[in-house]
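A.B. asks: quick one, structure for this:
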Amino acid sequence: MAAEYRFCPCCAAPLALTAAQEDGGLKHRLRCTACDFTHWNNPTPVLAAIVQVGDKVLLARNAAWQHRMFALITGFMEAGETPEEGIRREIAEETGLTVTALKLIGVHDFQRMNQVIITYHALAEGQIVLSPELAEYKLLTPEQVRCWPAGTGFALADWLRSIGIEPQFMEVPAA
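C.D. replies: Numbers count the residues shown, from 1 in each chain. A predicted model of the protein is given here:
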């Protein structure tokens, strides 16, 4: 869930939702009542990877998740790195694997989290050693994978279609 800003980071005055003409028309944004600071609330770029180890796809469960949901390896870009460098780093940090090849799958919006997800297919090798951020993992053949109807699940479906597999979607439990 995104942070809810109430005060200006420049002068500490209250922020107010106000309308103003911008390129593209009238926009409602949080703006400072004293110094004209604007909170743009632009989407955050997130990196994701369909990690393939041999002929299997690695899905992992985040340790903070309540449900036993398995998903792609994801993470945020660091300042000064390219998306490719960032996803290689995230895969190494979270799984201990080394990426040998990367291919861009696509870019998908995830509006519920105000994110734009950049997804890659990554060929990786090595021994899987999970970071404390991840609780467990599964290795599945592409035919066994079930997609989820949001964010990275749509990227996974695109990849499955690209290798000739019609994706199957699961029902996601309510939060």
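
A.B. asks: my guess is residue 149 contacts residue 157. True?
C.D. replies: No: counting by C-beta atoms under 8 Å, residue 149 stays clear of residue 157, with 9.0 Å between them. Where you see a C-beta, it was placed from the backbone N, CA and C, and this is true even at glycine.

A.B. asks: distance between the ends of stretch 129-144?
C.D. replies: Length of stretch 129-144, first residue to last, C-alpha to C-alpha, to the nearest Å: 23 Å.

A.B. asks: now it: mean pLDDT?
C.D. replies: Stretch 129-144 comes out with an average pLDDT of 97.

A.B. asks: now stretch 98-111
C.D. replies: 95.

A.B. asks: sorry, back to before: now for residue 149 and residue 157: what residues contact both?
C.D. replies: residue 169 (C-beta atoms under 8 Å, 6 or more residues apart in numbering).

A.B. asks: what is the residue nearest to the spatial centre of the chain paired to in the beta sheet?
C.D. replies: The chain has residue 46 as the residue nearest its centroid, 4.0 Å off, counting by C-alpha atoms, centre = their mean. Judged by DSSP bridges, the bridge partners of residue 46 are residue 76, residue 117.

A.B. asks: quick check: longest strand of this protein.
C.D. replies: Ranked by residue count, the top strand of the chain under DSSP state E comes out as strand 98-110.
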